[in-house]
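*Asks:* Turn this into a structure:
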Amino acid sequence: MRAQTTLLACLTTSSLAFISVANAESGLASYYGYGKAGKGGELTCAHRTRPFGSVLTVSWSGRTIQCRVNDRGPFIRGRIVDLSVPAARALGMMSAGVVRVSVE
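*Replies:* Numbers count the residues shown, from 1 in each chain. Model (predicted):
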């Protein structure tokens, strides 16, 4: 019985790891200074497919932020996420404009 429990725990853990990796993306990110603002300085972003209200972890150049999806986009080939100006500032990408990020 103990071996079955251990096996089940291992399978559950490895399947959860697979699920979290399956949602990871990497590609280009830009920022936008228009549209819907987050409440109380909340970091927000636009994503084509992630559900509204979901929280994305965006990483670039050793920095990581969490932002909430509140809009659709970007609609430019090769870009995977558009960040609000406060989110882009927090990530440190304002001067670069477009950067390669990883999104989970």
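
*Asks:* use CA for all of it now, contacts and neighbours both
*Replies:* Fine.

*Asks:* Spit out the contact partners of the nearest residue to Arg79 once chain neighbours are set aside.
*Replies:* Spatial nearest neighbour of Arg79, chain neighbours left out: Leu28 (4.4 Å); criterion: Cα to Cα, 6 or more residues apart in numbering. By Cα atoms under 8 Å, 6 or more residues apart in numbering, the contact list for Leu28 reads 78-81, 98-101.

*Asks:* what's Leu56 sitting at in phi/psi?
*Replies:* Leu56 adopts backbone torsions of phi -100, psi 140, taken as degrees, to the nearest 10.

*Asks:* Number of residues surrounding it?
*Replies:* Close neighbours of Leu56, defined as other Cα atoms under 10 Å, add up to 20.

*Asks:* Kindly report the same for the one 4 residues further on.
*Replies:* A count of nearby residues for Trp60, using other Cα under 10 Å, gives 16.

*Asks:* mind checking how far it is from Asp71?
*Replies:* Counting by Cα to Cα, to the nearest Å, the gap from Trp60 to Asp71 is 21 Å.

*Asks:* cool, Ser54 as well?
*Replies:* For Ser54, the distance to Asp71 - Cα to Cα - is 11 Å.

*Asks:* Neighbour count for the two, which is higher?
*Replies:* Remark: of Ser54 and Asp71, Asp71 carries more neighbours, 20 against 10, as counted by other Cα under 10 Å.

*Asks:* And the more buried one, what's its pLDDT?
*Replies:* Predicted confidence (pLDDT) for Asp71: 94.

*Asks:* next one: Gly33
*Replies:* 83.

*Asks:* how about the nearest residue to Tyr32 once chain neighbours are set aside, what does it touch?
*Replies:* Among residues not flanking Tyr32 along the chain, Ser84 sits closest, at 5.4 Å (Cα to Cα, 6+ apart). Contacts for Ser84 (Cα under 8 Å, 6+ apart) come out as 31-34, 37, 43-45.

*Asks:* can you tell me which of these are in strands?
*Replies:* 31-32, 44-45 (DSSP state E).

*Asks:* pLDDT weak spots in this structure?
*Replies:* Applying pLDDT under 70 to the chain flags the ranges 1-22, 35-37.
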